[in-house]
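Fold the following and give me the result.
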Amino acid sequence: MKLKLGATEIRISLCVMLLPALTLMTGFFAAYSAVFISMLLHELGHIAVAGIFGVRTDIFSVSVLGFSASIQTSRCSRKESIFVYSAGPALNLLFFFTALILEHILPGEQEYFKLLAASNLYLGLFNLLPVMPLDGGQLMYVLLRGSLGSNAAGRAVRVLAWFVSVLLTAAGVYQVLITTFNASLMMIGLHTMIVLRTTRLESALMSMREIIYRRSRLARRGIYAARDLVAMKDTLLRESLKSMDFDRFHIVYVLDDDLHIIGTFTENQIMDALVEHDEELTFGELADLQKKAR
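Okay, the predicted model is just below:
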């Protein structure tokens, strides 16, 4: 089922309608609703902070596995991205403490508040793991790419994520040997390894999106920090993308073998050239094309 709320498309799986009755019959309604509320709070945290920065949520999905929001984070600055990715876990941890307080001050049955506190704590901490596409992995990537560049930051996050996944898998094997039935940590670790096999292409696409959307961020902010790069004339245009940062506009000076400047290009000119010409185009060839066009 699809609904429209402003510019956001809401997608709801019909199976979700059956879950309340199913969990009531099986006795898992309290536990499932606590997890469901925690996941909803998590996504609403992301959406609310993105909305504060004027960033649109394109799609909000509701399924039996929880919620997911497609937010245009590529249009965010570095600082805005940090706040957006942090908002979900932060709201979970806030409600963890809120549930603990309510457990002690409200009369009556306290078991539900314990479930609510536990689900918010686990969800918040799990999402802070430095693994893509979790919030922790996104945060680590945003924090590193300003100084390392997008490609190097992506590699660093993948290495750290592999280390975390190996630790989780090893802990999961130990957990299975001790409990004989609980394989949750091992499943998380193995799932992380599978996800990591697909993140190399995703990182490359993210680098391209960041440069493409920078034009809209520049138009929105009016003033933007810039960075100069120097490339030899035999360097491929596509190689320069690896050295471009997320939150700065780039101007590339092209040098010949005698280190004389033979051309100057903005990142937009480089992107346009990559679209219009062969991907093996060098800066020297682009400089020649520029001279012929004059």
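
ok, now how distant is the closest residue to residue 287 other than its chain neighbours from residue 286?
When the adjacent residues along the chain are set aside, residue 287 lies closest to residue 263, with 3.4 Å between them (C-beta to C-beta, 6 or more residues apart in numbering). C-beta coordinates here come from the backbone N, C-alpha and C atoms, glycine included. Counting by C-beta to C-beta, to the nearest Å, the gap from residue 263 to residue 286 is 7 Å.

can you list residues touching both of the two?
Shared between the contact lists of residue 263 and residue 286 (criterion: C-beta atoms under 8 Å, 6 or more residues apart in numbering) are residues residue 254.

Could I get the full set of helices for this protein?
15-26, 29-52, 78-105, 111-127, 135-148, 150-179, 184-196, 199-221, 237-240, 267-276, 283-293 (DSSP state H).

a markdown table for the ones you listed, including mean neighbour count and distance to residue 6?
Putting those into a markdown table (neighbours: other C-beta atoms under 10 Å; distance: least, C-beta to C-beta, whole Å) gives the following:
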| stretch | mean neighbour count | distance to residue 6 |
| --- | --- | --- |
| helix 15-26 | 12 | 22 |
| helix 29-52 | 19 | 10 |
| helix 78-105 | 18 | 18 |
| helix 111-127 | 19 | 26 |
| helix 135-148 | 20 | 24 |
| helix 150-179 | 16 | 31 |
| helix 184-196 | 16 | 32 |
| helix 199-221 | 15 | 19 |
| helix 237-240 | 16 | 38 |
| helix 267-276 | 16 | 31 |
| helix 283-293 | 15 | 43 |
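
Residue 237 reaches residue 269, doesn't it?
No: between residue 237 and residue 269 no contact is recorded; they are 9.6 Å apart, counting by C-beta atoms under 8 Å.

Where does pLDDT dip in the stretch 101-250 of the chain?
In the predicted model, the stretch 101-250 of the chain carries pLDDT under 70 at residues 108-109, 146-147, 149-151, 172, 174-177, 179-222, 242, 245-247.

Verify the stated contact: the residue nearest to residue 287 with residue 289.
No: taking C-beta under 8 Å as the contact criterion, residue 263 and residue 289 are not neighbours in contact, 9.6 Å apart.

Which strand residues bridge the residue nearest to residue 287?
Using DSSP bridges, the bridge partners assigned to residue 263 are residue 254.
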